[in-house]
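Participant: sequence and predicted model, in that order:
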Amino acid sequence: MAERRYFGTDGIRGRVGEYPITPDFVLKLGWAVGQAFKSVDGQRGRVVVGKDTRISGYMFESALEAGFAAAGMDVMLLGPMPTPAIAYLTRTFRASAGVVISASHNPHYDNGIKFFGADGCKLPDEVEAEIEAWLERPMVVAEPMHLGKAVRVDDAKGRYIEFCKSGVPFWLSLEKLSIVLDCAQGATYHVAPSVFRELGATVHAIGTRPNGVNINDGCGSTSPEALVAAVLEQGADVGIAFDGDGDRVIMVDHKGEIIDGDEILFIIARHKQRQGRLGGGVVGTLMTNFGAELAFRELGIPFERAKVGDRYVMEMLSQKGWLLGGEGSGHIVCKDVTTTGDGIVSALQVLVAMVQEGASLYELKQGMSKLPQTMINVRMKTRQDVSSHADVQQAVARATERLGQEGRVLLRPSGTEPVIRVMVEGVDEKLVGEIAQELADQVQACLA
């Protein structure tokens, strides 16, 4: 398949006002998506469109609406809603596609467009290729009588709140838990507090006053310091931080210690195993901490690594027929509940484990020990594949032998910048650092 010009690992993203994140391109993109989906099912179809809270969302929402209407697609506008809500509502409205205007955990001056198919899953490569092919063609507007219409959906919030609650057993209450939520001034600000309160928890919410430019600014899953402080100040049982569009989650225990996506994945997996509901193994990524792999091995839970990116986690889950996977960033896929990474759903799975096992979050995480990890970025003048270089291969072989069965080496080119990421994990932190530096020096020598 030809290299994609616009699509990255999760839609199209960039700085607002810089091509392709411009109103004219996004209008053409809406038209191209409409044409691609019309060519798939041959029907008029409709698309649901949601966004996070960044100020540029107004501009791009209007551009997409015009593009879809020009292609003859009806549009359902959801307003600010978490990305996983759009995945769910795409399915429940029987829409042809779902679109999210968001740059996830990025600052307000970035934005992007993500897509879901009718099944609520990220688009496969061949559909993205079809969209890119339409982008290269002249924009031809549908006949006036065939233009699309747009409506605003007033009850999207309530629908999604009920969906999130449905992932918790109806008889289970969170009334004994005090929770601090950090909504990152993002798309969960008007949804997440209601979900946890309606399930009985005592909730103190921060990051719930978005103004268009404060999304992810010193808050949320990428900046959990504010959450840690709030948990300790409130004497809360647990803290939960989402990113700007609500598909990632990071948690904090009552001692103020941060629990990342790898640990959340472990907690959910072990609980489901104890309940007899795991449904196979667990999928992580190339970046999943080796401590998680060792912990799964100890539990007898099969574990596989996918490429970095939640779409690749989903692909491997589908191939294996498994139900649980995720990334250290907090992108957790509970496929027995939903079709994509969902911060609220994932956090609820952890809270269910706490209630059913009568254990604190601090106690639940004790079964996994994260191994020391060192990452060194080696910058390239031009992109090169050094992994096949004989000297690098020999250096990796020596490093792997020194680490033995309790460590690993990973050389991975960045997907967003011209660097080679050299990562080493192992039990001995000093040895890990030494090996990482030696490998980085060898990679640098081969690039010279």
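Facilitator: Looks like it came in fine.

Participant: element containing K272?
Facilitator: helix 261-275 (DSSP states H and E).

Participant: at the geometric centre of this structure, which residue sits there?
Facilitator: A centroid search over the chain (C-alpha atoms, centre = their mean) returns H331, at 4.0 Å, as the residue closest to the centre.

Participant: what ranges do the helices span in the stretch 101-250 of the chain?
Facilitator: For the stretch 101-250 of the chain, the helices defined by DSSP state H, counting those that start in this stretch cover 125-135, 156-165, 192-198, 225-234.

Participant: to E65, which of those helices lies closest?
Facilitator: Using C-beta to C-beta as the criterion, the shortest distance between E65 and the helices of the stretch 101-250 of the chain is 15.7 Å, found for helix 156-165. All C-beta spots, glycine's among them, are computed from the backbone N, C-alpha and C.

Participant: could I get the buried residue list for that closest one?
Facilitator: By neighbour count, with 16 or more other C-beta atoms under 10 Å as the criterion, the buried positions of helix 156-165 are 156-157, 159-161, 163-165.

Participant: just the residues you listed now: which is nearest F290?
Facilitator: Distances from F290 to the buried residues of helix 156-165, taken by C-beta to C-beta, are shortest for C164, at 32.3 Å.

Participant: residues contacting that closest one?
Facilitator: Remark: with contacts taken as C-beta atoms under 8 Å, 6 or more residues apart in numbering, C164 is in contact with 191, 195, 342, 344-345, 348.

Participant: try R421
Facilitator: The neighbourhood of R421, defined by C-beta under 8 Å, 6+ apart, consists of 375-378, 410-414.

Participant: need the buried ones from those residues selected in PyMOL.
Facilitator: Here the buried members of the contacts of R421 are turned into a PyMOL selection, burial being counted by 16+ other C-beta under 10 Å:
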select buried, resi 376+378+410+411+412+413
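
Participant: return the closest of the contacts of R421 with respect to K114.
Facilitator: For the contacts of R421, the residue nearest K114 by C-beta to C-beta is S414; the value is 20.4 Å.

Participant: the closest residue to the closest one other than its chain neighbours and M81, how far apart?
Facilitator: Ranked by C-beta to C-beta, 6 or more residues apart in numbering and with sequence neighbours excluded, the top spatial neighbour of S414 is R421, at 6.0 Å. Look at R421 and M81: by C-beta to C-beta, to the nearest Å, they are 33 Å apart.

Participant: if I look at R5, how far off is C334?
Facilitator: With distances taken as C-beta to C-beta, R5 is found 33 Å from C334.

Participant: neighbour count for those two, which is higher?
Facilitator: Ranked by neighbour count (other C-beta atoms under 10 Å), R5 and C334 place C334 first, with 22 against 11.

Participant: so the more buried one touches V350, yeah?
Facilitator: No: using C-beta atoms under 8 Å, C334 is not in contact with V350; the gap is 10.5 Å.

Participant: shared neighbours, these two?
Facilitator: Each of I268 lies in contact with both C334 and V350 under the rule C-beta under 8 Å, 6+ apart.

Participant: now the closest residue to A184 other than its chain neighbours. Its backbone dihedrals?
Facilitator: Distance criterion C-beta to C-beta, 6+ apart; nearest residue to A184, sequence neighbours excluded, is G220 at 2.7 Å. According to degrees, to the nearest 10, the main-chain angles of G220 amount to phi 80, psi -170.
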